[in-house]
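Asker: Predicted model and sequence below, questions to follow.
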Amino acid sequence: MAALKEQFQSADWKNEKHVPVIEAPEKAGKGELIEVKVSVGKEVAHPNKTEHHIRWIDLYFLPEGGKFPYQIGKAEFCAHGASTEGPDTSTIYTNHSAVFCFKTDHPGTILASSYCNIHGLWENAAELAVE
């Protein structure tokens with residue numbers, strides 16, 4: 001039986017268009033608002049068509065020494081050119097990037113995941129120091 005954790009793929013986002021790119025400060029002050037931008041396809045563009053697209057991005061924060069991560073937010077991308085006329089017949093396309101904001105008093109790991117309707121689940125992580 002396959003486990004969900006075995007379904008996540010990862011790679012260098014500079015060469016792989018499916019990996020979520022985390023843009024966040026490396027350090028933050030205690031209680032300071034932290035802005036995190038997550039996107040897919042920053043260096044290698046990902047298609048955004050009815051037949052091949054990014055459906056969602058999730059963001060979590062795992063405090064150092066914590067047992068479970070906190071979900072910061074989820075962004076869903078629902079418009080990929082489809083209409084009642086068929087695939088790729090509308091001019092409405094959402095872009096697969098989102099900005100999340102949160103505060104913490106603890107250092108830890110920012111975790112992002114994304115889902116491609118053809119190539120499945122992808123993940124990435126970035127460390128956050130808190131002073």
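Answerer: Sure, I can see it. The shown structure was predicted, so the numbers you read here are calculated from the model rather than taken from an experiment.

Asker: Now the phi/psi pair for residue 5, please.
Answerer: Dihedral pair for residue 5: phi -60, psi -30, per degrees, to the nearest 10.

Asker: could you measure it against residue 120, distance?
Answerer: Going from residue 5 to residue 120 by Cβ to Cβ, to the nearest Å gives 13 Å. For glycine as for every other residue, the C-beta is placed from the backbone atoms N, C-alpha and C.

Asker: more crowded one of the two?
Answerer: Comparing residue 5 with residue 120 by other Cβ atoms under 10 Å, the one with more neighbours is residue 120, at 12 against 8.

Asker: Give me the pLDDT for the spatially closest residue to the more buried one that is not a sequence neighbour.
Answerer: For residue 120, ignoring the flanking residues on the chain, the nearest one in space by Cβ to Cβ, 6 or more residues apart in numbering is residue 7 at 6.2 Å. Residue-level confidence at residue 7 comes out at 85, pLDDT.

Asker: Just the pLDDT at the residue most central in space within the chain, thanks.
Answerer: Closest to where the C-alpha atoms of the chain average out (Cα atoms, centre = their mean) is residue 57, at 3.8 Å. pLDDT, residue 57: 98.

Asker: right, and it touches residue 95 too?
Answerer: No - Residue 57 is beyond contact range of residue 95, at 11.1 Å (criterion: Cβ atoms under 8 Å).

Asker: Could you tell me the model confidence score at the residue lying farthest from the centre of the chain?
Answerer: Within the chain, residue 85 marks the point farthest from the mean C-alpha position, 30.4 Å out by Cα atoms, centre = their mean. pLDDT for residue 85: 95.
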